[in-house]
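Participant: can you look at this prediction? I've put the sequence above it.
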Amino acid sequence: DRRTTDSTHAMKTSLTNWDRTAWARSTLMLLLVIASATAQNWVQRSASSPSGRNTDSAYNVYNGTTTIFGGYGGPSILSDETWEWDGVDWTQRVTVTRPAARASHSMAFDSNRNRVMLFGGRAGALHFGDTWEWDGLGWTQQVVAAAPPARSNASMTYDDSRNVVVLFGGLDSTGVLLDDTWEWNGVQWIQRLPANKPSPRMRASMTWDNVRNEAVLFGGGDGNSVFAETWTYDGVTWTFHTPNSSPPARWDADMVFDGNCGAAILYGGAADTSWALNLADAWQWDGSDWQVVVGTTPPARHGHVMSFDAQRGETLIWGGRDAVTPPTGGFLTDSWIRAALCTRSMTLLNPVVVGQPFSVRYDYPPSATLNFCLTLLTGHQPSAFPVPIPGMPSIGLARVDIFNILLQPAALLDGSGSLTQTFSVPYNQSAFSG
């Protein structure tokens, strides 16, 4: 999405060559997403939809949903609705407790804690400085001793190498543009004081590049001008880049990290401060340079939702606003999907047997990061436990009959195009016995 994206890649296929003994003891399935090898254009999906609006979103890598909250749908039209996209359709999630209606807020998915984070925003002249979490069932406001000053139109993403949400810039309640950097660790907000940083700005696009372990920020504006600057943040300082090629200046665009291709994807936005000139181009950042993404794109827009669906290998664009009928109309409700562009595959090298290790071979493009979800399905109601994977960080999460282990061993890739790794299936857990 415009200010965040979870950049994790997932691979999905079914393993049907089951060991009979393992099947008798418990039903296991390893799900891996295999990306398409052929580049494809954007395709509009027929789906029910939230009402048209400018808003923000976050993608949950564990359940494969994109969550949006609130948004601006025209004069005096502010939303406090929660909607989720599951890859096929939109569903409204009705909750008693929720943030106040607002727009211009920031969202990101904390994969360490399995929570969608929301910060700030505005309702007219009122600016918010509150912190909220969405766990897939309800919203909970976080009570914190200190927080960033209230603001709107900030940039936010999740740093999955340090397990913190990164917030930059925005506009405060007095109309002053900000250039401060804050991090949320799940308990408290901490202000960072990097030696270098972008100039004060709002409506910049930011996402997390988990190949190079840095946040990527592009564009934004100060109300008088829009920018064409590229910056990265590594948790210590901001770095200004001067690539050979660059997208035109814009703000209110959206950017996600495509884990299949190992690149950040920027789309759309407004090229002027009056939002009269909207853009429909797509660009790809590989860590050192930008290049145009060839192919048709959705109609021009700004303030839209964008997410990379790691489980399906797809990129979603929804909503936003066109420039046909400003300033009161042109809010969009269309959903667009782009299929995966880069080839990856996962091959099972031996049968899955409970209590014994099994091996898989991962074949990947040179620019890839090795991030995917390993899902074990069992016929028993499990209790949470970590799945031991030697040499790899893992997160054990229990839903009803489902374990998701988010693997992020990007450092293991040596550029050879192939990696073989062995996993252990636990046998001394109640979920896998009986």
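Facilitator: Received the coordinates, thanks.
Participant: next, count neighbours for Arg361.
Facilitator: For Arg361, the neighbour count with other CB atoms under 10 Å is 13. Quick note: C-beta positions are derived from backbone N, CA and C, even for glycine.
Participant: what pLDDT does the model give the nearest residue to Phe331 once chain neighbours are set aside?
Facilitator: Distance criterion CB to CB, 6 or more residues apart in numbering; nearest residue to Phe331, sequence neighbours excluded, is Gly52 at 2.9 Å. Gly52 is assigned a predicted lDDT (pLDDT) of 94.
Participant: cool, Gly74 as well?
Facilitator: Taking Gly74 on its own, its pLDDT is 89.
Participant: try Asn213
Facilitator: 89.
Participant: repeat for His380
Facilitator: His380 is given a pLDDT of 42.
Participant: from now on call the first residue 444
Facilitator: Got it, first residue is 444 now, which makes that one His823.
Participant: how near is the residue nearest to Phe774 to Gly516?
Facilitator: 6 Å (CB to CB, to the nearest Å).
Participant: for the stretch 594-743 of the chain, what are the low-confidence residue spans?
Facilitator: For the stretch 594-743 of the chain, no stretch is flagged by pLDDT under 70.
Participant: could you pull out the strands for it?
Facilitator: Using DSSP state E, counting those that start in this stretch, the strands of the stretch 594-743 of the chain run over residues 594-595, 598-602, 607-615, 620-627, 632-635, 648-652, 657-661, 673-676, 681-684, 697-701, 706-710, 725-728, 733-735.
Participant: what are the ranges of the helices in the stretch 444-593 of the chain?
Facilitator: For the stretch 444-593 of the chain, applying DSSP state H, counting those that start in this stretch gives helices covering 463-468.
Participant: low pLDDT regions in it?
Facilitator: 444-483.
Participant: that older thread, for Gly530, find the nearest of the strands of the stretch 594-743 of the chain.
Facilitator: strand 697-701 (15.0 Å; CB to CB).
Participant: other SSEs contacting the closest one?
Facilitator: Judged by 3 or more CB pairs under 8 Å, 6 or more residues apart in numbering; DSSP states H and E, strand 697-701 is in contact with strand 648-652, strand 657-661, strand 706-710, strand 748-752, strand 757-761.
Participant: could you dump the ones you listed into JSON lines with mean neighbour count and distance to Gly612 added?
Facilitator: Formatted as JSON lines, the helices and strands packed on strand 697-701 follow (neighbours: other CB atoms under 10 Å; distance: least, CB to CB, whole Å):
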{"stretch": "strand 648-652", "mean neighbour count": "28", "distance to Gly612": "9"}
{"stretch": "strand 657-661", "mean neighbour count": "25", "distance to Gly612": "9"}
{"stretch": "strand 706-710", "mean neighbour count": "26", "distance to Gly612": "17"}
{"stretch": "strand 748-752", "mean neighbour count": "28", "distance to Gly612": "19"}
{"stretch": "strand 757-761", "mean neighbour count": "25", "distance to Gly612": "23"}
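Participant: would you mind putting these into TSV with distance to Trp681 alongside?
Facilitator: Formatted as TSV, the helices and strands packed on strand 697-701 follow (distance: least, CB to CB, whole Å):
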stretch	distance to Trp681
strand 648-652	11
strand 657-661	8
strand 706-710	16
strand 748-752	23
strand 757-761	26
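Participant: mind checking those strands for the one nearest to Trp575?
Facilitator: Closest to Trp575 of these is strand 748-752 (CB to CB; 17.7 Å).
Participant: still on that earlier bit, thought the residue nearest to Phe774 was touching Tyr515?
Facilitator: No - here Gly495 lies out of contact with Tyr515, judged by CB atoms under 8 Å, at a distance of 9.9 Å.
Participant: closest one to Gln584 among the helices and strands packed on strand 697-701?
Facilitator: Nearest of these (CB to CB): strand 748-752, 22.9 Å.
Participant: give the pairing partners of that closest one; include direction for each.
Facilitator: Sheet pairing of strand 748-752 (DSSP bridges) gives strand 757-761 (antiparallel).
Participant: contacts for the helix or strand following the strand it pairs with?
Facilitator: Following strand 757-761 in sequence order, the next helix or strand is strand 778-781 (DSSP states H and E). Residues outside strand 778-781 that contact it (CB atoms under 8 Å, 6 or more residues apart in numbering) are 483-488, 490, 492, 528, 533, 738, 741, 757-761.
Participant: hmm, back to that, now do the shared contacts for Gly495 and Gly516.
Facilitator: With CB under 8 Å, 6+ apart as the test, Gly495 and Gly516 both reach Phe774.
Participant: more neighbours: the two, which one.
Facilitator: Gly495 (22 against 19).
Participant: ok, that one - contacts?
Facilitator: By CB under 8 Å, 6+ apart, the neighbours of Gly495 are Gly516, Gly762, Arg764, Phe774, Leu775, Thr776.
Participant: wait, which of these is closest to Val504?
Facilitator: Closest to Val504, out of all of the contacts of Gly495 and judged by CB to CB, is Gly762, at 21.7 Å.
Participant: span of stretch 667-677 from start to end?
Facilitator: Criterion CA to CA, to the nearest Å; first-to-last residue distance in stretch 667-677 is 29 Å.
Participant: what does it contact?
Facilitator: With CB under 8 Å, 6+ apart as the criterion, stretch 667-677 contacts 609, 611, 624, 637, 641, 644, 647, 652, 655-664, 681-684, 686, 689-694, 713-716, 728, 733.
Participant: go through that stretch and flag the buried ones.
Facilitator: Val669, Phe670, Glu672, Thr673, Trp674, Thr675, Tyr676, Asp677 (16 or more other CB atoms under 10 Å).
Participant: same question for stretch 738-745.
Facilitator: Buried, per 16+ other CB under 10 Å, within stretch 738-745: Thr740, Pro741, Pro742, Ala743, Arg744, His745.
Participant: repeat for stretch 759-769
Facilitator: Result for stretch 759-769 [16+ other CB under 10 Å]: buried residues Leu759, Ile760, Trp761, Gly762, Gly763, Arg764, Asp765, Ala766.
Participant: give me the pLDDT value at the third one.
Facilitator: Translated: Trp761. 97.
Participant: so it makes contact with Asp752?
Facilitator: No - if you go by CB under 8 Å, Trp761 and Asp752 don't touch, sitting 11.8 Å apart.
Participant: quick check: neighbours shared by these two?
Facilitator: With CB under 8 Å, 6+ apart, Trp761 and Asp752 have common neighbours Thr509.
Participant: now distance to Arg558 too, for the strands of the stretch 594-743 of the chain, in a markdown table please.
Facilitator: Shown next, in a markdown table, are the strands of the stretch 594-743 of the chain (distance: least, CB to CB, whole Å):
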| stretch | distance to Arg558 |
| --- | --- |
| strand 594-595 | 21 |
| strand 598-602 | 10 |
| strand 607-615 | 10 |
| strand 620-627 | 10 |
| strand 632-635 | 15 |
| strand 648-652 | 16 |
| strand 657-661 | 19 |
| strand 673-676 | 22 |
| strand 681-684 | 26 |
| strand 697-701 | 19 |
| strand 706-710 | 23 |
| strand 725-728 | 27 |
| strand 733-735 | 32 |
